[in-house]
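Visitor: Predicted model and sequence below, questions to follow.
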Amino acid sequence: MSLTTRQAEILAFLHQHAAAQGMPPTLQEIGTAVGIEHLNAVVKHLRALEAKGHIALLPNRARGIRLLDAATPSSPTDDLLALPLIGRVAAGEPLLSEAGTERVLRLDPALFKLRPDYLLRVRGDSMRDDGILDGDLIGVHATPVAEHGQTVVARVGGGFTVKRLYRKGRQLRLLPRSAGYQPIDPDPREDFAIEGLFAGLIRQG
């Protein structure tokens, strides 16, 4: 199940605190770490993480949080990723990515199918049928190499877009995954490059 940005931040802090202190944090410590003032809101996010299988909440116990994925090889507690959120990418017509880093998120690498190098915020819904929605944060594994059928972030004429790559022989197209959108056929005379592969997403919440 996809995590919201806030849930991912809380899960990352739980791992970080457990690795550093040898025990889970208090509700107050979680709220302070991620900027949530009301403890009821912290509890709501913890219950969502429990429902998604990442933690177990132990009733009537101080620091009653158990990490269910803390010991798995794919989810080391001491290897959180520091990923810069560097701008926007279109799921529709290409748009210019905003320059600069908005913020840095520390996230568990187990949330991604590939190791991402940075995050982009999606604008538009042309990839809706692949589960990529407007407002999602997508991880991008930076590489200029991509195979037919992979979801890529591409630079087209100075703009950036996320699409499914179609590559047969010399034919190359960028395919949307939602009705009402047309494929993009890059003009060989314009600026075009594969910037990276879609590595997974964090849902905004």
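Guide: Received it, and whenever you're ready, just let me know what you need.
Visitor: From now on I want contacts and neighbour counts done on CA atoms only, so please keep to that.
Guide: Fine.
Visitor: Distance check, the closest residue to G157 other than its chain neighbours against G158.
Guide: In this structure, G157 finds its nearest non-sequential neighbour in D191, 4.6 Å apart by Cα to Cα, 6 or more residues apart in numbering. Distance of D191 to G158, given as Cα to Cα, to the nearest Å: 6 Å.
Visitor: what's the answer for N60, then?
Guide: Using Cα to Cα, N60 is found at 56 Å from G158.
Visitor: For these two, indicate the residue with more neighbours.
Guide: Neighbour count, other Cα atoms under 10 Å: between N60 and G158, G158 has more, with 14 against 7.
Visitor: Give me the pLDDT value at the more buried one.
Guide: On pLDDT, G158 comes in at 78.
Visitor: for the protein, longest helix please?
Guide: The helix that spans the most residues within the chain, counting by DSSP state H, is helix 5-21.
Visitor: May I have that helix as PDB, with CA atoms only?
Guide: Output in PDB follows, covering the C-alpha atoms of helix 5-21 (Å, rounded to 0.1, in the frame of the first residue of the first chain):
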ATOM      1  CA  THR A   5       4.200  11.900   2.600                       C
ATOM      2  CA  ARG A   6       3.500  12.400   6.300                       C
ATOM      3  CA  GLN A   7       3.200   8.600   6.900                       C
ATOM      4  CA  ALA A   8       6.600   8.000   5.200                       C
ATOM      5  CA  GLU A   9       8.200  10.700   7.300                       C
ATOM      6  CA  ILE A  10       6.900   9.200  10.500                       C
ATOM      7  CA  LEU A  11       7.900   5.700   9.500                       C
ATOM      8  CA  ALA A  12      11.400   7.000   8.700                       C
ATOM      9  CA  PHE A  13      11.600   8.700  12.100                       C
ATOM     10  CA  LEU A  14      10.500   5.500  13.800                       C
ATOM     11  CA  HIS A  15      13.300   3.600  12.200                       C
ATOM     12  CA  GLN A  16      15.900   6.300  12.900                       C
ATOM     13  CA  HIS A  17      14.900   6.600  16.500                       C
ATOM     14  CA  ALA A  18      14.800   2.900  17.100                       C
ATOM     15  CA  ALA A  19      18.300   2.500  15.500                       C
ATOM     16  CA  ALA A  20      19.800   5.400  17.500                       C
ATOM     17  CA  GLN A  21      18.000   4.900  20.900                       C
END
